[in-house]
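Participant: let me see the structure of the following:
(one chain, ligands or ions: 2)
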Amino acid sequence: MGLLTFKGGVHPYDGKELSKDKPIKSVSPKGDLVYLLSQHIGAPAKPIVAKGDRVLAGQKIAEPGGFVSSPVHASVSGTVKAIEPHLTVTGAMVPAIVVENDQKYEEVEFSSVEKVEDLTKEEVIKRIQEGGVVGMGGAGFPTHVKLSPKDPDKIEYVLINGAECEPYITSDYKRMMDEPQLVIAGLKTILYLFDNAKGYICIEDNKPDCIKKMEELVKSEPRIEVKALQTKYPQGAERSLIYATTGREVNSSMLPADAGCVVDNVETAVAAYKAVVLGRPLMHKIITVTGDAVANPQNFAVCTGTIYEELVEEAGGFQQEPEKIISGGPMMGQGLFSMQVPVTKSSSALLCLTKDEVSANKETACINCGRCVSVCPARLVPSRLATFADHQDEEAFVKWEGMECVACGCCSFTCPAKRHLTQSIKSMRAMVLNNRKKNA
Ligand code: SF4
Ligand code: SF4
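Facilitator: Ligands and ions are numbered 1, 2, ... in the order given. Prediction:
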(Lines give C-alpha, C1' and ligand atoms only; values in the text may rest on other atoms or scores of the structure.)
(Ligands and ions follow the chains in the order given, each with its own letter.)
Protein backbone atom coordinates (compact mmCIF):
# COMPACT_ATOMS: atom_id res chain seq x y z
CA MET A 1 0.00 0.00 0.00
CA GLY A 2 1.58 3.30 -1.11
CA LEU A 3 1.50 6.09 1.43
CA LEU A 4 0.19 9.45 0.36
CA THR A 5 1.64 12.72 1.53
CA PHE A 6 2.55 16.35 0.73
CA LYS A 7 5.79 18.32 0.39
CA GLY A 8 7.53 19.64 3.53
CA GLY A 9 6.31 18.97 7.06
CA VAL A 10 7.89 17.81 10.32
CA HIS A 11 7.87 14.84 12.70
CA PRO A 12 7.29 16.12 16.24
CA TYR A 13 7.03 13.77 19.27
CA ASP A 14 3.37 12.72 19.14
CA GLY A 15 2.54 12.04 22.82
CA LYS A 16 -0.55 10.09 21.75
CA GLU A 17 0.31 7.07 23.91
CA LEU A 18 -0.80 9.06 26.98
CA SER A 19 -4.50 8.84 26.09
CA LYS A 20 -5.10 6.66 23.05
CA ASP A 21 -5.76 3.33 24.78
CA LYS A 22 -8.09 4.56 27.52
CA PRO A 23 -11.88 4.46 27.13
CA ILE A 24 -13.85 7.64 26.47
CA LYS A 25 -15.41 8.77 29.76
CA SER A 26 -18.72 10.66 29.82
CA VAL A 27 -18.66 13.75 31.99
CA SER A 28 -21.71 15.36 33.59
CA PRO A 29 -21.00 19.05 34.11
CA LYS A 30 -21.11 20.21 37.72
CA GLY A 31 -21.18 23.98 37.41
CA ASP A 32 -22.89 26.48 35.10
CA LEU A 33 -22.67 25.98 31.32
CA VAL A 34 -21.43 28.87 29.19
CA TYR A 35 -22.50 29.01 25.54
CA LEU A 36 -20.51 31.51 23.52
CA LEU A 37 -22.51 33.19 20.75
CA SER A 38 -19.43 33.13 18.47
CA GLN A 39 -18.39 29.49 18.27
CA HIS A 40 -18.04 29.62 14.51
CA ILE A 41 -16.66 31.68 11.64
CA GLY A 42 -19.18 34.32 10.55
CA ALA A 43 -21.80 36.46 12.26
CA PRO A 44 -22.38 35.79 15.97
CA ALA A 45 -25.62 34.01 16.89
CA LYS A 46 -28.45 36.06 18.46
CA PRO A 47 -30.01 34.96 21.78
CA ILE A 48 -33.67 33.87 21.64
CA VAL A 49 -33.96 33.22 25.38
CA ALA A 50 -33.96 35.64 28.30
CA LYS A 51 -32.66 35.55 31.86
CA GLY A 52 -34.91 33.31 33.98
CA ASP A 53 -36.14 31.12 31.08
CA ARG A 54 -36.11 27.36 31.57
CA VAL A 55 -34.36 25.49 28.76
CA LEU A 56 -34.04 21.83 27.80
CA ALA A 57 -31.05 19.96 26.39
CA GLY A 58 -31.13 20.26 22.61
CA GLN A 59 -33.18 23.47 22.67
CA LYS A 60 -32.08 26.24 20.35
CA ILE A 61 -31.09 29.19 22.55
CA ALA A 62 -29.53 31.46 19.90
CA GLU A 63 -30.36 31.78 16.21
CA PRO A 64 -27.91 32.39 13.35
CA GLY A 65 -26.93 36.00 12.75
CA GLY A 66 -26.81 35.47 8.95
CA PHE A 67 -26.23 32.79 6.31
CA VAL A 68 -22.58 32.36 7.37
CA SER A 69 -23.46 31.77 11.01
CA SER A 70 -24.80 28.98 13.18
CA PRO A 71 -27.40 28.50 15.91
CA VAL A 72 -26.43 27.53 19.45
CA HIS A 73 -28.21 24.83 21.49
CA ALA A 74 -28.30 24.13 25.21
CA SER A 75 -26.57 20.88 26.15
CA VAL A 76 -28.29 20.49 29.53
CA SER A 77 -31.64 21.40 31.05
CA GLY A 78 -31.74 24.31 33.47
CA THR A 79 -32.36 28.04 33.81
CA VAL A 80 -30.82 30.92 31.89
CA LYS A 81 -28.81 32.71 34.56
CA ALA A 82 -27.28 35.51 32.51
CA ILE A 83 -26.54 36.78 29.03
CA GLU A 84 -23.21 38.51 29.39
CA PRO A 85 -19.65 38.66 28.00
CA HIS A 86 -17.44 35.70 28.89
CA LEU A 87 -13.75 34.90 28.51
CA THR A 88 -12.68 32.81 25.48
CA VAL A 89 -9.48 30.85 24.78
CA THR A 90 -7.99 33.84 22.93
CA GLY A 91 -8.39 36.05 26.01
CA ALA A 92 -11.18 38.06 24.34
CA MET A 93 -14.56 38.58 26.01
CA VAL A 94 -17.55 37.64 23.83
CA PRO A 95 -21.30 37.55 24.54
CA ALA A 96 -22.48 34.26 26.00
CA ILE A 97 -25.58 32.61 27.47
CA VAL A 98 -24.99 31.16 30.95
CA VAL A 99 -27.26 28.26 31.99
CA GLU A 100 -27.57 26.92 35.52
CA ASN A 101 -27.63 23.14 35.20
CA ASP A 102 -30.61 21.50 37.00
CA GLN A 103 -28.87 18.10 36.67
CA LYS A 104 -32.07 16.58 35.18
CA TYR A 105 -30.79 16.43 31.56
CA GLU A 106 -34.33 16.70 30.18
CA GLU A 107 -34.27 16.90 26.42
CA VAL A 108 -36.50 18.38 23.73
CA GLU A 109 -38.16 15.87 21.43
CA PHE A 110 -35.87 15.23 18.45
CA SER A 111 -37.42 14.61 15.04
CA SER A 112 -35.55 11.70 13.49
CA VAL A 113 -35.93 10.09 10.06
CA GLU A 114 -35.26 6.49 9.17
CA LYS A 115 -32.61 7.23 6.57
CA VAL A 116 -31.07 10.18 4.78
CA GLU A 117 -32.75 9.16 1.49
CA ASP A 118 -36.13 10.04 3.05
CA LEU A 119 -35.12 13.70 2.76
CA THR A 120 -34.44 15.99 -0.19
CA LYS A 121 -30.95 17.46 -0.52
CA GLU A 122 -32.30 20.86 0.52
CA GLU A 123 -33.82 19.29 3.63
CA VAL A 124 -30.47 17.66 4.47
CA ILE A 125 -28.65 21.02 4.26
CA LYS A 126 -31.41 22.65 6.32
CA ARG A 127 -31.13 20.03 9.06
CA ILE A 128 -27.34 20.47 9.18
CA GLN A 129 -27.85 24.23 9.53
CA GLU A 130 -30.60 23.85 12.14
CA GLY A 131 -28.41 21.37 14.04
CA GLY A 132 -25.72 24.02 14.48
CA VAL A 133 -23.08 21.87 12.78
CA VAL A 134 -19.76 23.64 12.17
CA GLY A 135 -16.25 22.43 11.33
CA MET A 136 -15.13 20.67 14.50
CA GLY A 137 -11.50 20.25 13.48
CA GLY A 138 -10.70 23.75 14.72
CA ALA A 139 -11.91 26.19 12.06
CA GLY A 140 -15.60 26.33 13.05
CA PHE A 141 -16.76 27.12 9.51
CA PRO A 142 -20.55 26.54 9.26
CA THR A 143 -20.97 23.14 7.59
CA HIS A 144 -24.19 23.99 5.71
CA VAL A 145 -22.23 26.70 3.86
CA LYS A 146 -19.36 24.34 3.03
CA LEU A 147 -21.86 21.76 1.74
CA SER A 148 -23.56 24.31 -0.54
CA PRO A 149 -20.97 24.90 -3.30
CA LYS A 150 -22.01 26.75 -6.46
CA ASP A 151 -22.04 23.57 -8.53
CA PRO A 152 -22.51 20.40 -6.43
CA ASP A 153 -22.12 18.24 -9.57
CA LYS A 154 -18.49 19.36 -9.83
CA ILE A 155 -17.57 17.89 -6.44
CA GLU A 156 -15.57 14.72 -7.11
CA TYR A 157 -14.19 13.94 -3.66
CA VAL A 158 -15.55 14.12 -0.14
CA LEU A 159 -12.58 13.74 2.19
CA ILE A 160 -13.13 12.75 5.80
CA ASN A 161 -10.15 14.09 7.69
CA GLY A 162 -9.10 11.42 10.16
CA ALA A 163 -5.40 12.30 9.96
CA GLU A 164 -5.36 13.82 13.46
CA CYS A 165 -1.79 14.96 12.88
CA GLU A 166 -1.59 17.35 15.86
CA PRO A 167 0.55 15.72 18.55
CA TYR A 168 -1.12 14.49 21.76
CA ILE A 169 -4.72 14.65 20.45
CA THR A 170 -6.56 11.30 20.17
CA SER A 171 -10.26 12.22 20.13
CA ASP A 172 -10.79 11.46 16.41
CA TYR A 173 -8.83 8.21 16.79
CA LYS A 174 -11.09 7.14 19.66
CA ARG A 175 -14.22 8.01 17.69
CA MET A 176 -13.00 6.04 14.66
CA MET A 177 -12.07 3.03 16.82
CA ASP A 178 -15.13 3.02 19.10
CA GLU A 179 -17.89 4.12 16.71
CA PRO A 180 -16.63 3.72 13.14
CA GLN A 181 -20.18 3.17 11.87
CA LEU A 182 -21.09 6.71 12.91
CA VAL A 183 -18.17 8.10 10.88
CA ILE A 184 -19.21 6.08 7.83
CA ALA A 185 -22.85 7.14 8.31
CA GLY A 186 -21.61 10.75 8.41
CA LEU A 187 -19.70 10.32 5.16
CA LYS A 188 -22.73 8.71 3.50
CA THR A 189 -24.88 11.62 4.67
CA ILE A 190 -22.51 14.07 2.96
CA LEU A 191 -22.09 11.90 -0.15
CA TYR A 192 -25.88 11.97 -0.56
CA LEU A 193 -25.48 15.66 -1.50
CA PHE A 194 -22.86 15.05 -4.21
CA ASP A 195 -23.92 12.53 -6.86
CA ASN A 196 -20.56 12.51 -8.68
CA ALA A 197 -18.30 12.25 -5.64
CA LYS A 198 -16.28 9.43 -4.13
CA GLY A 199 -15.72 9.38 -0.38
CA TYR A 200 -12.24 8.98 1.12
CA ILE A 201 -11.65 8.32 4.80
CA CYS A 202 -8.11 9.68 5.27
CA ILE A 203 -6.06 8.29 8.17
CA GLU A 204 -2.34 8.61 9.04
CA ASP A 205 -0.42 5.34 9.13
CA ASN A 206 0.38 5.72 12.84
CA LYS A 207 -3.17 4.36 13.35
CA PRO A 208 -2.92 0.97 11.58
CA ASP A 209 -5.69 -0.57 13.73
CA CYS A 210 -8.01 2.21 12.67
CA ILE A 211 -7.14 1.88 8.98
CA LYS A 212 -7.77 -1.88 9.15
CA LYS A 213 -11.10 -1.48 10.92
CA MET A 214 -12.35 1.14 8.47
CA GLU A 215 -11.17 -0.87 5.43
CA GLU A 216 -13.08 -3.89 6.70
CA LEU A 217 -16.25 -1.86 7.22
CA VAL A 218 -16.25 -0.13 3.82
CA LYS A 219 -15.17 -3.07 1.65
CA SER A 220 -18.66 -3.44 0.18
CA GLU A 221 -19.26 0.31 -0.16
CA PRO A 222 -18.61 1.13 -3.83
CA ARG A 223 -18.32 4.89 -3.26
CA ILE A 224 -16.02 4.79 -0.22
CA GLU A 225 -12.28 4.10 0.13
CA VAL A 226 -9.84 4.38 2.99
CA LYS A 227 -6.67 6.35 2.20
CA ALA A 228 -3.60 5.64 4.33
CA LEU A 229 -1.43 8.74 4.71
CA GLN A 230 2.19 9.08 5.71
CA THR A 231 2.46 10.22 9.33
CA LYS A 232 3.78 13.74 9.08
CA TYR A 233 2.64 17.06 10.48
CA PRO A 234 0.54 18.95 9.11
CA GLN A 235 -0.95 16.06 7.13
CA GLY A 236 -4.43 17.00 8.36
CA ALA A 237 -4.27 20.62 7.14
CA GLU A 238 -6.94 20.98 4.47
CA ARG A 239 -4.55 21.85 1.63
CA SER A 240 -2.05 19.12 2.59
CA LEU A 241 -4.84 16.55 2.73
CA ILE A 242 -6.27 17.52 -0.66
CA TYR A 243 -2.82 17.41 -2.25
CA ALA A 244 -1.92 14.06 -0.68
CA THR A 245 -5.14 12.30 -1.71
CA THR A 246 -5.99 13.90 -5.06
CA GLY A 247 -2.77 15.62 -6.24
CA ARG A 248 -4.73 18.89 -6.55
CA GLU A 249 -3.43 22.20 -5.24
CA VAL A 250 -5.48 24.79 -3.41
CA ASN A 251 -4.22 28.28 -2.54
CA SER A 252 -5.52 31.05 -0.31
CA SER A 253 -7.72 32.53 -3.05
CA MET A 254 -9.49 29.21 -3.67
CA LEU A 255 -11.98 27.07 -1.80
CA PRO A 256 -11.55 23.28 -1.72
CA ALA A 257 -14.73 23.14 -3.86
CA ASP A 258 -12.79 24.96 -6.63
CA ALA A 259 -10.59 21.85 -6.76
CA GLY A 260 -13.65 19.55 -6.73
CA CYS A 261 -13.24 18.67 -3.04
CA VAL A 262 -15.17 18.92 0.20
CA VAL A 263 -13.20 18.24 3.38
CA ASP A 264 -14.82 17.51 6.72
CA ASN A 265 -13.30 16.38 9.97
CA VAL A 266 -14.36 13.02 11.51
CA GLU A 267 -16.44 14.66 14.25
CA THR A 268 -18.10 17.05 11.81
CA ALA A 269 -19.26 14.09 9.72
CA VAL A 270 -20.66 12.40 12.85
CA ALA A 271 -22.42 15.63 13.86
CA ALA A 272 -23.89 15.94 10.34
CA TYR A 273 -25.31 12.39 10.56
CA LYS A 274 -26.78 13.04 14.01
CA ALA A 275 -28.36 16.33 12.92
CA VAL A 276 -29.80 14.93 9.68
CA VAL A 277 -30.95 11.42 10.59
CA LEU A 278 -31.37 11.55 14.37
CA GLY A 279 -32.49 15.20 14.43
CA ARG A 280 -30.05 15.87 17.30
CA PRO A 281 -28.18 19.19 17.27
CA LEU A 282 -24.50 19.58 18.09
CA MET A 283 -24.24 19.67 21.87
CA HIS A 284 -21.45 17.23 22.79
CA LYS A 285 -17.72 16.98 22.07
CA ILE A 286 -14.97 14.50 22.67
CA ILE A 287 -12.05 16.33 24.31
CA THR A 288 -8.56 14.93 24.91
CA VAL A 289 -7.25 16.09 28.29
CA THR A 290 -3.57 15.23 28.29
CA GLY A 291 0.07 16.12 28.90
CA ASP A 292 2.42 14.99 31.69
CA ALA A 293 1.04 17.58 34.10
CA VAL A 294 -2.37 15.85 34.48
CA ALA A 295 -2.76 12.73 36.63
CA ASN A 296 -4.91 10.63 34.25
CA PRO A 297 -4.79 11.76 30.62
CA GLN A 298 -7.94 10.56 28.86
CA ASN A 299 -10.67 11.41 26.34
CA PHE A 300 -13.93 12.78 27.72
CA ALA A 301 -17.37 13.07 26.14
CA VAL A 302 -18.50 16.47 27.37
CA CYS A 303 -21.39 18.89 26.98
CA THR A 304 -20.55 22.04 25.03
CA GLY A 305 -20.39 24.93 27.48
CA THR A 306 -18.56 22.91 30.17
CA ILE A 307 -15.82 24.97 31.83
CA TYR A 308 -12.28 23.63 31.12
CA GLU A 309 -11.38 23.57 34.81
CA GLU A 310 -13.92 20.76 35.35
CA LEU A 311 -12.13 18.63 32.75
CA VAL A 312 -8.85 18.81 34.63
CA GLU A 313 -10.68 17.67 37.79
CA GLU A 314 -12.14 14.72 35.82
CA ALA A 315 -8.60 13.82 34.73
CA GLY A 316 -7.53 13.57 38.40
CA GLY A 317 -6.18 17.11 38.68
CA PHE A 318 -2.56 18.15 38.21
CA GLN A 319 0.15 15.73 39.28
CA GLN A 320 2.81 18.34 38.50
CA GLU A 321 2.70 22.10 38.19
CA PRO A 322 1.85 22.84 34.53
CA GLU A 323 4.36 25.07 32.76
CA LYS A 324 1.98 25.72 29.88
CA ILE A 325 -1.72 24.98 29.28
CA ILE A 326 -2.96 24.90 25.70
CA SER A 327 -6.43 24.66 24.20
CA GLY A 328 -5.78 22.33 21.24
CA GLY A 329 -2.48 20.76 20.21
CA PRO A 330 1.08 22.01 20.72
CA MET A 331 1.53 23.10 17.07
CA MET A 332 -1.59 25.17 16.43
CA GLY A 333 -3.28 25.42 19.84
CA GLN A 334 -3.88 28.53 21.89
CA GLY A 335 -1.98 29.10 25.15
CA LEU A 336 -4.40 29.66 28.04
CA PHE A 337 -4.12 32.19 30.85
CA SER A 338 -7.29 31.01 32.58
CA MET A 339 -9.15 27.70 32.84
CA GLN A 340 -12.47 29.53 33.20
CA VAL A 341 -13.19 29.19 29.50
CA PRO A 342 -15.92 26.99 28.04
CA VAL A 343 -15.76 24.04 25.66
CA THR A 344 -17.03 25.17 22.26
CA LYS A 345 -18.09 23.23 19.18
CA SER A 346 -14.55 23.32 17.81
CA SER A 347 -12.59 22.60 21.01
CA SER A 348 -10.50 19.45 20.66
CA ALA A 349 -8.06 19.15 23.53
CA LEU A 350 -6.71 20.57 26.74
CA LEU A 351 -2.97 20.03 26.85
CA CYS A 352 -1.17 20.56 30.16
CA LEU A 353 2.59 20.47 29.69
CA THR A 354 5.29 20.25 32.35
CA LYS A 355 8.53 22.22 32.29
CA ASP A 356 10.30 19.19 30.72
CA GLU A 357 7.80 19.11 27.84
CA VAL A 358 8.12 22.82 27.03
CA SER A 359 11.28 23.62 25.10
CA ALA A 360 13.40 26.64 26.00
CA ASN A 361 12.15 29.49 23.90
CA LYS A 362 14.93 32.07 23.86
CA GLU A 363 15.13 33.64 20.41
CA THR A 364 18.56 34.13 18.80
CA ALA A 365 19.71 35.43 15.41
CA CYS A 366 18.96 33.53 12.21
CA ILE A 367 21.87 31.36 11.07
CA ASN A 368 20.51 30.99 7.52
CA CYS A 369 20.33 27.20 7.80
CA GLY A 370 17.32 26.98 5.47
CA ARG A 371 15.48 24.42 7.60
CA CYS A 372 12.33 26.55 7.81
CA VAL A 373 12.17 26.63 4.01
CA SER A 374 12.55 22.88 3.67
CA VAL A 375 9.67 22.06 6.04
CA CYS A 376 7.13 24.69 4.93
CA PRO A 377 4.18 22.85 3.31
CA ALA A 378 3.17 26.06 1.52
CA ARG A 379 6.68 26.29 0.00
CA LEU A 380 7.38 29.73 1.45
CA VAL A 381 10.53 31.34 2.83
CA PRO A 382 9.50 31.79 6.48
CA SER A 383 12.79 33.42 7.56
CA ARG A 384 12.27 36.28 5.10
CA LEU A 385 8.54 36.57 5.73
CA ALA A 386 9.14 36.90 9.47
CA THR A 387 11.70 39.65 8.82
CA PHE A 388 9.23 41.49 6.56
CA ALA A 389 6.61 41.06 9.30
CA ASP A 390 8.95 42.40 11.98
CA HIS A 391 9.58 45.47 9.76
CA GLN A 392 5.85 45.72 8.94
CA ASP A 393 6.78 45.69 5.26
CA GLU A 394 3.37 44.76 3.89
CA GLU A 395 4.31 45.07 0.23
CA ALA A 396 7.27 42.68 0.45
CA PHE A 397 5.30 40.30 2.69
CA VAL A 398 2.51 40.00 0.11
CA LYS A 399 4.98 39.79 -2.81
CA TRP A 400 6.75 36.87 -1.13
CA GLU A 401 3.37 35.07 -0.80
CA GLY A 402 2.99 35.55 2.96
CA MET A 403 -0.78 35.28 2.59
CA GLU A 404 -0.36 31.58 1.66
CA CYS A 405 0.84 30.72 5.18
CA VAL A 406 -1.48 28.23 6.90
CA ALA A 407 0.01 28.91 10.37
CA CYS A 408 0.98 25.26 10.78
CA GLY A 409 3.95 26.05 13.02
CA CYS A 410 6.46 23.78 11.19
CA CYS A 411 8.95 26.62 10.66
CA SER A 412 9.04 27.63 14.33
CA PHE A 413 9.23 23.98 15.37
CA THR A 414 12.29 23.32 13.25
CA CYS A 415 14.17 26.62 13.71
CA PRO A 416 17.40 26.09 15.72
CA ALA A 417 17.48 29.82 16.52
CA LYS A 418 13.99 29.52 18.09
CA ARG A 419 12.75 32.45 16.01
CA HIS A 420 9.06 33.11 16.53
CA LEU A 421 8.43 32.73 12.83
CA THR A 422 4.81 31.52 12.86
CA GLN A 423 3.75 34.14 15.37
CA SER A 424 5.26 36.99 13.34
CA ILE A 425 3.87 35.73 10.02
CA LYS A 426 0.43 35.06 11.50
CA SER A 427 0.19 38.57 13.01
CA MET A 428 1.31 40.19 9.75
CA ARG A 429 -1.19 38.12 7.79
CA ALA A 430 -3.99 39.26 10.12
CA MET A 431 -2.85 42.89 9.69
CA VAL A 432 -2.90 42.62 5.88
CA LEU A 433 -6.39 41.08 5.97
CA ASN A 434 -7.60 43.86 8.28
CA ASN A 435 -6.15 46.56 6.02
CA ARG A 436 -7.81 44.94 3.00
CA LYS A 437 -11.15 44.93 4.82
CA LYS A 438 -10.75 48.60 5.77
CA ASN A 439 -9.92 49.58 2.19
CA ALA A 440 -12.67 47.47 0.59
S1 SF4 B 1 5.46 29.85 6.92
FE2 SF4 B 1 3.40 29.30 7.56
S3 SF4 B 1 2.86 27.53 6.30
FE4 SF4 B 1 5.12 27.77 6.19
S5 SF4 B 1 5.89 26.47 7.85
FE6 SF4 B 1 5.68 28.50 8.72
S7 SF4 B 1 3.64 28.49 9.64
FE8 SF4 B 1 3.71 26.73 8.22
S1 SF4 C 1 15.26 27.77 10.41
FE2 SF4 C 1 15.62 29.58 11.70
S3 SF4 C 1 17.83 29.86 11.68
FE4 SF4 C 1 17.34 28.50 9.97
S5 SF4 C 1 17.02 29.88 8.19
FE6 SF4 C 1 15.02 29.58 9.10
S7 SF4 C 1 14.83 31.30 10.53
FE8 SF4 C 1 17.00 31.14 10.05
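Participant: for ligand 1, what is the nearest residue in the stretch 151-300 of the chain?
Facilitator: Closest approach between the stretch 151-300 of the chain and ligand 1, counting by C-beta to the nearest ligand atom: residue 234, at 7.4 Å. Quick note: C-beta positions are derived from backbone N, CA and C, even for glycine.
Participant: touching, that residue and residue 377? I think so.
Facilitator: Yes. Judged on C-beta atoms under 8 Å, residue 234 makes contact with residue 377 at a distance of 6.2 Å.
Participant: can you list residues touching both of those two?
Facilitator: With contacts taken as C-beta atoms under 8 Å, 6 or more residues apart in numbering, residue 234 and residue 377 have 9, 240, 406, 408, 410 as neighbours in common.
Participant: go ahead and confirm the second one touches residue 10.
Facilitator: No. Between residue 240 and residue 10 there is no contact, the gap being 11.9 Å when judged by C-beta under 8 Å.
Participant: what about the two, which has more around it?
Facilitator: Applying other C-beta atoms under 10 Å to residue 240 and residue 10 shows that residue 240 carries more neighbours, namely 26 against 19.
Participant: next, count neighbours for residue 12.
Facilitator: Residue 12 has 18 neighbours, counted by other C-beta under 10 Å.
Participant: tell me which element it falls in.
Facilitator: Secondary structure assignment for residue 12, by DSSP states H and E: no helix or strand.
Participant: who are the contact partners of the residue lying farthest from the centre of the chain?
Facilitator: Centroid-distance maximum for the chain: residue 367 at 34.7 Å, with C-alpha atoms, centre = their mean. Remark: with contacts taken as C-beta under 8 Å, 6+ apart, residue 367 is in contact with 416, 417.
Participant: check residue 84 too.
Facilitator: Each residue near residue 84 by C-beta under 8 Å, 6+ apart is listed here: 95, 96, 98.
Participant: the last one: neighbour count?
Facilitator: Residues contacting residue 98 under the criterion other C-beta under 10 Å number 19.
Participant: wouldn't it be in contact with residue 33 here?
Facilitator: Yes. Residue 98 lies in contact with residue 33 (C-beta under 8 Å); the separation is 7.3 Å.
Participant: can you add distance to ligand 1, secondary structure and pLDDT and give the contacts of residue 84 back as TSV?
Facilitator: Formatted as TSV, these follow (distance: C-beta to the nearest ligand atom, whole Å; DSSP: H, G, I helix; E, B strand; the rest coil; pLDDT from 0 to 100):
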residue	distance to ligand 1	secondary structure	pLDDT
95	31	strand	96
96	31	strand	97
98	36	strand	98
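Participant: any idea which residue sits dead centre in this protein?
Facilitator: residue 137 (1.8 Å).
Participant: list the contacts for it?
Facilitator: Counting by C-beta under 8 Å, 6+ apart, residue 137 makes contact with 161, 236, 265, 267, 268, 346, 348.
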